[in-house]
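In: No sequence on hand, only this structure:
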């Protein structure tokens, strides 16, 4: 039994060896053995990197600058009072003149602030008229904002300094309230004389002048006040006006 088993084992070993040699035999002449293909490991799948969407900054809204609020023009009051002493300036009174021509030249005239004399404070308006054409008219004018198409009772008062003494050769005072600026002699308003009531030449005396008017404003809501002198004698004269007071009261009618 042992002998048979050994024989069988020997035959099996020989058979296996023969089989191994036959499989490892060299390839026929001229034939190269096929290379063993080594498969490279698969490249890792690239994960696409998603670019972040750009951040879009919202367009800033334009800054809207509001239009400045217009201040409405205040409606003039039915009543108003004004005072002028001319200490600092003319206070919007405008010097004007008419009929100052004489042949080929103009007669001398002026309306200026002066400290030669004053009734209120240290300054008054000085009127000078070299009336050698016997017709010169000079005045100051101020326009006032009032209610349009309205009738007003107007009081004008002022201090008037004159050296015109005696009973003759005086000038004429101009004072009035007009709906528009006067452009001719006929549109001015004339009052009494410039006499100071003295019987001798005592120099300048201050006189209190006061006048009342009824005036109608037009659609523009303006009234013009004029104060001055009209020369009716061929000579040069000087006058002073100070402490002007004006009151407007709308009529109830």
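Out: Arrived safely. Source: prediction; values computed, not measured.
In: Against residue 156, how distant is the residue lying closest to residue 203 once chain neighbours are set aside?
Out: With Cβ to Cβ, 6 or more residues apart in numbering as the criterion, residue 203 has its nearest non-adjacent residue at 5.5 Å, and that residue is residue 163. For glycine as for every other residue, the C-beta is placed from the backbone atoms N, C-alpha and C. Distance, residue 163 to residue 156, using Cβ to Cβ, to the nearest Å: 23 Å.
In: and residue 101, what are its bridge partners?
Out: Here residue 101 sits in beta bridges with residue 106, going by DSSP bridges.
In: related to what we said a few turns ago, if I pick the residue nearest to residue 203, what's in contact with it?
Out: The neighbours of residue 163, taking Cβ atoms under 8 Å, 6 or more residues apart in numbering as the test, are 196, 201, 203, 204, 205, 238.
In: for residue 214, same thing?
Out: 151, 152, 153, 154, 251.
In: Please identify the helix or strand for it.
Out: Residue 214 is part of strand 205-216 when elements are defined by DSSP states H and E.
In: The next helix or strand after that strand pairs with which strands, and in what direction?
Out: Sequence-wise, the next helix or strand downstream of strand 205-216 (DSSP H and E) is strand 222-230. Strand pairing for strand 222-230, determined by DSSP bridges: strand 137-145 (antiparallel), strand 172-178 (antiparallel).
In: I'd like to check the angle between strand 222-230 and strand 205-216, please.
Out: Orientation of strand 222-230 against strand 205-216 (axes from the mean of the first three to the mean of the last three Cα atoms, to 10 degrees) gives an angle of 150 degrees.
In: Stretch 119-137: end-to-end distance?
Out: 24 Å (Cα to Cα, to the nearest Å).
In: Let's have the strands paired with strand 222-230 in CSV, adding distance to residue 233 and mean neighbour count.
Out: Formatted as CSV, the strands paired with strand 222-230 follow (distance: least, Cβ to Cβ, whole Å; neighbours: other Cβ atoms under 10 Å):
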stretch, distance to residue 233, mean neighbour count
strand 137-145, 13, 20
strand 172-178, 10, 21
